[in-house]
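Novice: Build me a model from this:
(2 chains)
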2 protein chains.
Amino acid sequence: MNDEAVEPYRRVRRHPERASYRAEDAYAILDEGLVAHVAFTLDERPFVVPMAYARDGDRLLLHGAAGSRICRRLAAGIPVSVAVTLLDALVLARSAFHHSMNYRSVVVFGRCSPVTDREAKAAALDRLMEHIVPGRSRDARAGSDKELDMTGLLGLPIEGFSVKARGGPPVDDPEDMDLPCWAGLLPLSLAPGSPAPDPAMTVGAPVPEYLARYRRPGAGG
Amino acid sequence: MNDEAVEPYRRVRRHPERASYRAEDAYAILDEGLVAHVAFTLDERPFVVPMAYARDGDRLLLHGAAGSRICRRLAAGIPVSVAVTLLDALVLARSAFHHSMNYRSVVVFGRCSPVTDREAKAAALDRLMEHIVPGRSRDARAGSDKELDMTGLLGLPIEGFSVKARGGPPVDDPEDMDLPCWAGLLPLSLAPGSPAPDPAMTVGAPVPEYLARYRRPGAGG
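Specialist: Below you'll find the predicted structure:
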């Protein structure tokens, strides 16, 4: 998309060469991330909270508790901004000035509405669980009506978004290239450890395949 | 701190047993994290952006580009909310309803002011680099006056904060404990990979110790 065609509120001005306005770039980041940071304004004060989320087509699903103050306020349809950021590497340049991070981030803009219908809510919760641990929704006991009613679930149609990403090695000034200083990347990734069974587990269930081989889609990119 | 003594705007209402208002809990999270999500309101629209940061005593330092729109707006002292979230594990319960995540998060509230004095800026940039890669500021070429002038650096005195964290195994309802379903934690951590030298490196500098043994303070908690 031509930069000029992007509405000013979501146009990336600093390092515009790092920006993207393509849905597939946004969706790849949203599908890999696990935690979203949701920003909104209450009484003229900005707030930001981490929330579990999933992408469901061209909307986000945000998970909370039905009765919570934040869920109720967000459900009223106030404007929100939601960021998902994946940190890929620390960028170590020869000069302090050119140090940076490699990352992929997307900021989504829109307004939430509550998912209230039980059937839609059950489907949305399955979607959320499959985003976080693909395969899990087959094993876990599904929510009862009472549990569904206690769960707060918000749908956020994606009205607009901006993607920003940095990749590749450090970029130093030509006159610094021969400085006697190691330069390069320190890759970082969200790595799963060994599944730790609940000490209270009474059944001899083996570790499910989807945990033993857990991996985020696109991870290592 | 007694919950009742906490100002309403930063009081955690949902799962108050997961909240803390102790500076040492907030500082431990801030010192381990690498990316902050900074929320603010512009023209009645909420925004959230990821930024590199460091804690410097009882203030945060936020790093940007001196001329950028966001830096200029933040430097004007509008209210901001800054979240740092560390994801520790996925919590797999027997019931879909009790699935959760183990995390440690802090939300800081305050107003930024720009660090403009060159000497203060150089010290703040050292602090920032030592937060991200301890040891690095000894090796990298320090910023020139011109580079310092191009760097945007904001100081954010911490006016208020809330910590929220979940730890430990899944908590299921008593009647679900014998369901034939694996339950437990999938630990997650931000793991460093092998340092990747810049292909353009002309000197034979070895990988520095501080990269070979890179580890966030408190990581693995």
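Novice: give me phi/psi at the residue lying closest to A:I78 once chain neighbours are set aside?
Specialist: Computed as CB to CB, 6 or more residues apart in numbering or on different chains, the closest residue to A:I78 that is not its neighbour in sequence is A:F40, at 5.7 Å. C-beta coordinates here come from the backbone N, C-alpha and C atoms, glycine included. Main-chain dihedrals, A:F40, degrees, to the nearest 10: phi -160, psi 170.
Novice: Same question for the one 10 residues further on.
Specialist: Torsion angles at A:P50 (phi, psi; degrees, to the nearest 10) stand at phi -80, psi 140.
Novice: tell me which element the residue nearest to it when sequence neighbours are not counted falls in.
Specialist: Nearest-residue entry for A:P50: B:T85, 4.3 Å, with adjacent residues in sequence omitted and distances by CB to CB, 6+ apart. Here B:T85, judged by DSSP states H and E, is contained in strand B:79-92.
Novice: Just after that strand, pick out the following helix or strand.
Specialist: According to DSSP H and E, the helix or strand after strand B:79-92 is strand B:100-111.
Novice: could you show me where the helices are in chain A, in order?
Specialist: A:23-32, A:69-75, A:118-132, A:145-150, A:209-212 (DSSP state H).
Novice: Run through chain A and note the low-pLDDT ranges.
Specialist: Along chain A, the parts satisfying pLDDT under 70 run over A:1-2, A:65-67, A:219-221.
Novice: so what's A:L42 up against?
Specialist: A:R73 (CB atoms under 8 Å, 6 or more residues apart in numbering or on different chains).
Novice: Specify the beta-bridge partners of it.
Specialist: Assessed by DSSP bridges, A:L42 has beta-bridge partners A:R45.
Novice: burial of the closest residue to A:L60 other than its chain neighbours, as a residue count?
Specialist: Spatially, and ignoring its direct neighbours in sequence, A:L60 is nearest to A:L156 (4.2 Å; CB to CB, 6+ apart). With neighbours defined by other CB atoms under 10 Å in any protein chain shown, the count for A:L156 comes to 23.
Novice: Could you do A:A165 as well?
Specialist: A:A165 - counted by other CB under 10 Å - has 18 other residues nearby.
Novice: Assess the claim that it and A:S105 are in contact.
Specialist: Yes. Under the criterion of CB atoms under 8 Å, A:A165 makes contact with A:S105 at 6.9 Å.
Novice: From chain B, how far out is A:I29?
Specialist: 12 Å (CB to the nearest CB, to the nearest Å).
Novice: next one: A:P16
Specialist: 11 Å.
Novice: what's the answer for A:R141, then?
Specialist: A:R141 is 4 Å from chain B, by CB to the nearest CB.
Novice: And for that residue, the neighbour number?
Specialist: 18.
Novice: try A:V203
Specialist: That count, for A:V203 with other CB under 10 Å as the rule, works out to 12.
Novice: residues in contact with it?
Specialist: B:178-181.
Novice: Can you flag the buried ones in those residues?
Specialist: Buried members of the contacts of A:V203, scored by 16 or more other CB atoms under 10 Å in any protein chain shown, are B:179, B:181.
Novice: contacting residues around A:A93?
Specialist: A:A93 touches A:99-100, A:170-172, A:176, A:183, B:140, counting by CB under 8 Å, 6+ apart.
Novice: from those residues, which is closest to A:D126?
Specialist: Of all the contacts of A:A93, A:D126 sits closest to A:S100, with 39.0 Å by CB to CB.
Novice: What number of residues are in the vicinity of the residue lying closest to the closest one once chain neighbours are set aside?
Specialist: For A:S100, ignoring the flanking residues on the chain, the nearest one in space by CB to CB, 6+ apart is A:V91 at 4.0 Å. With neighbours defined by other CB under 10 Å, the count for A:V91 comes to 22.
Novice: Return the set of residues that bridge with A:V91.
Specialist: Where A:V91 sits in a bridge, its partners, by DSSP bridges, are A:S100, A:L185.
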